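>>> can't give you the sequence, but here's the structure:
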């Protein structure tokens, strides 16, 4: 079986039901199936070995995903926001690629030898094609999707997701045909993120119409959710923060909305608490996953969110910062530096395994251990009830005076100060301590606290060694499209500033 099966099943069961809505136009499952068959035929005729896509989240994305599968070609959506040189370097790493470009994407490919096609021209030609070719018979263990990691700490690596990985994820987390005919999912995540692939596959398998908002804007998101009667939505933390800010304390008032999922980066507690109040009758889901795991591997469900929000027990309230428990079919273990399972409550590295876990990189091979375990490089701990808590990345750890300090524990305190809108804590080289702790803070509009006030605010909650040595104010924190803070960029700017 390949991911083509998902579209085949959805088309057979829900042919006349709407599958995708973009800019007010809806395409049915039957129409999507015909477009996929026609574009797949065009791709087979092209002689390409691989399909690279540069574009936004629109109809072209699901069509090319399934058309590539029909043609037996791996599909790679690439971050169109990268610079021309970075784009060229990534494309040139893909063997035998044809590059399909959304005309709205402005980029120069002077150093790319691969043929470049317009997505609009390709779809236009496909709509009139009648000599459709049969699907290529391919191995379920063949690569289906290759996604380049964000490269926040190193050069991007191409993660290989095989058909079997993606099918295991979809069929292990979603019931086929479980959506009602009136259900609609509002999608705003980038196409080059694993969530962009996962939302297509899971919603199609459920039979749910997807509504794309290619360019996120909080006001437009709220209006589109109301106009299209969205029943579910997926956002990243920075999007939810802007939605909450735009509401200015008022209720969201989207009667149709039943489920709101978030993921891609750590969610600030104040943002989540404000969102739970604004969307008071909506079920929230924290979906934790990685590119290497074919998307979600752990969930904090709606009841967990509401129970934590209303609880007076600090341990239960803390679960608002949890990633929840592993999804069916996924095992998780937290290991100490020695490789042994960590006791409950003790931090270690989170390792996972299961049929949806890839752990494979293009040109580099697999990083799974002999027993199939994948090292997430996330520092985490587990409480007595099985809830997992991610406290940061291994390489984000600050070592000050020989003591390991997770930036997240300081950030979780500072972000609750009324003058702080967002914060990132990093370590910079220091001759005395090895590393000094610096808090880069974005202030709320109109706020101007003394930096020493924020230092003492941390000291009141954490022991002295966790108090930032410096607090600096910045206009914004550099981040990826999914809200992951680019800590290396913050450190580089601080070091450069000190040397100038």
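Nice, thanks for sending it over. As the structure is a prediction and not an experimental result, all values here were calculated from the model. Numbers count the residues shown, from 1 in each chain.

>>> Okay, the residue nearest to residue 93 when sequence neighbours are not counted and residue 364: tell me how far apart.
Excluding the flanking residues, the one nearest residue 93 by CB to CB, 6 or more residues apart in numbering is residue 158, at 6.8 Å. (C-beta placed from N, C-alpha, C; glycine too.) Per CB to CB, to the nearest Å, residue 158 is found 8 Å from residue 364.

>>> which of these two has more neighbours?
Neighbours were counted for residue 158 and for residue 364 using other CB atoms under 10 Å; residue 158 has more, 20 against 10.

>>> Show me what that one bridges to in the sheet.
Note on residue 158: beta-bridge partners by DSSP bridges are residue 148.

>>> Need the residues that contact stretch 101-111.
53-56, 58, 60, 80, 84-85, 87-88, 91-92, 99, 116-120 (CB atoms under 8 Å, 6 or more residues apart in numbering).

>>> Endpoint to endpoint, that stretch covers what distance?
The distance separating the two terminal residues of stretch 101-111, taken as CA to CA, to the nearest Å, comes to 16 Å.

>>> Correct me if wrong: the residue nearest to residue 93 contacts residue 363.
Yes. Using CB atoms under 8 Å, residue 158 and residue 363 qualify as a contacting pair, with a distance of 7.1 Å.

>>> between the two, what contacts are shared?
Residues touching both residue 158 and residue 363 (CB under 8 Å, 6+ apart) are residue 93.

>>> And the helix ranked longest in the chain, what does it pack against?
Taking residue count as the measure and DSSP state H as the definition, the longest helix of the chain comes out as helix 29-46. Using 3 or more CB pairs under 8 Å, 6 or more residues apart in numbering; DSSP states H and E as the contact criterion, the elements in contact with helix 29-46 are helix 4-14, strand 18-22, helix 60-70, helix 119-127.

>>> quick one, the first one and helix 29-46 angle?
Going back to what we said before, that points to helix 4-14. Helix 4-14 runs at 150 degrees relative to helix 29-46, counting by axes from the mean of the first three to the mean of the last three CA atoms, to 10 degrees.

>>> outside of helix 4-14, which residues touch it?
Judged by CB under 8 Å, 6+ apart, the contacts made with helix 4-14 from elsewhere in the structure are 19, 29-30, 32-33, 36, 66, 69-70, 135, 167, 170, 176-177, 181, 201, 204-205, 207.

>>> And for the nearest residue to residue 271 once chain neighbours are set aside, the neighbour number?
Beyond its immediate neighbours in the sequence, the residue positioned closest to residue 271 (CB to CB, 6+ apart) is residue 241, lying 4.7 Å away. Neighbour count of residue 241, defined by other CB under 10 Å: 22.

>>> buried set for the helix or strand that residue 452 is a member of?
Taking DSSP states H and E as the definition, residue 452 sits inside helix 451-459. If you call a residue buried by 16 or more other CB atoms under 10 Å, then helix 451-459 has these buried ones: 454-455, 457-458.

>>> Equivalent analysis for stretch 413-422, please.
Neighbour counts using 16+ other CB under 10 Å place 413-415, 417, 419-422 of stretch 413-422 among the buried residues.

>>> Pull out the buried members of the contacts of stretch 101-111.
Among the contacts of stretch 101-111, those classed as buried by neighbour count (16+ other CB under 10 Å) are 53-56, 58, 60, 80, 87-88, 91, 99, 117, 119.

>>> could I get those as a markdown table with distance to residue 74 and pLDDT?
Listed next are the buried ones among the contacts of stretch 101-111 as a markdown table, based on distance: CB to CB, whole Å; pLDDT from 0 to 100:
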| residue | distance to residue 74 | pLDDT |
| --- | --- | --- |
| 53 | 11 | 95 |
| 54 | 16 | 93 |
| 55 | 17 | 90 |
| 56 | 21 | 87 |
| 58 | 21 | 89 |
| 60 | 17 | 93 |
| 80 | 19 | 84 |
| 87 | 18 | 85 |
| 88 | 19 | 86 |
| 91 | 13 | 89 |
| 99 | 13 | 93 |
| 117 | 17 | 90 |
| 119 | 18 | 90 |
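
>>> Setting aside sequence neighbours, what's the nearest residue to residue 498?
Using CB to CB, 6+ apart, the closest residue to residue 498 is residue 428 (7.8 Å).

>>> Am I right that that neighbour is in contact with residue 438?
Yes. Using CB under 8 Å as the test, residue 428 is close enough to residue 438 to be in contact (5.6 Å).

>>> Which one of those two is surrounded by more residues?
Neighbours per residue, other CB under 10 Å: of residue 428 and residue 438, the larger number sits with residue 438, 22 against 17.

>>> wait, what's in contact with that one?
Residues counted as contacts of residue 438 (CB under 8 Å, 6+ apart) are 425-428, 468-472, 494.

>>> Tell me which entries of these lie within helices.
Residues from these lying in helices, with DSSP H as the criterion: residue 494.

>>> Could you report the pLDDT at the residue nearest to residue 45 when sequence neighbours are not counted?
Nearest residue to residue 45 in three dimensions, chain neighbours excluded: residue 133, at 7.8 Å (CB to CB, 6+ apart). The confidence metric pLDDT takes the value 88 at residue 133.

>>> let's have the chain start at 56 instead
In the new count, where the first residue is 56, that last one comes out as residue 188.

>>> For the stretch 56-205 of the chain, give me the ranges with low pLDDT.
Counting by pLDDT under 70, the stretch 56-205 of the chain contains low-confidence residues at 162-163, 205.

>>> The stretch 106-255 of the chain: helices as residue ranges?
115-125, 139-147, 174-182, 218-228, 249-261 (DSSP state H, counting those that start in this stretch).

>>> Now tell me which helix or strand of this protein has the poorest mean pLDDT.
Of all regular secondary-structure elements in the chain, judged by mean pLDDT, DSSP states H and E, the least confident is strand 458-460 with a mean of 81.

>>> tell me which strands and helices the following helix or strand past it is in contact with?
Going down the chain from strand 458-460, the next helix or strand is helix 462-469, by DSSP H and E. Using 3+ CB pairs under 8 Å, 6+ apart as the contact definition, the elements that helix 462-469 packs against are strand 443-448, strand 475-485, strand 489-498, helix 506-514.

>>> who touches the shortest one?
For strand 443-448, contacts defined as CB under 8 Å, 6+ apart pick out 208, 321, 343, 353, 373, 376-381, 387, 389, 402, 405, 432-438, 461-464.

>>> Which of those residues fall in strands?
Among the contacts of strand 443-448, the members falling in strands are 343, 353, 380-381, 387, 389, 405, 432-437 (criterion: DSSP state E).

>>> Alright, I will stop here.
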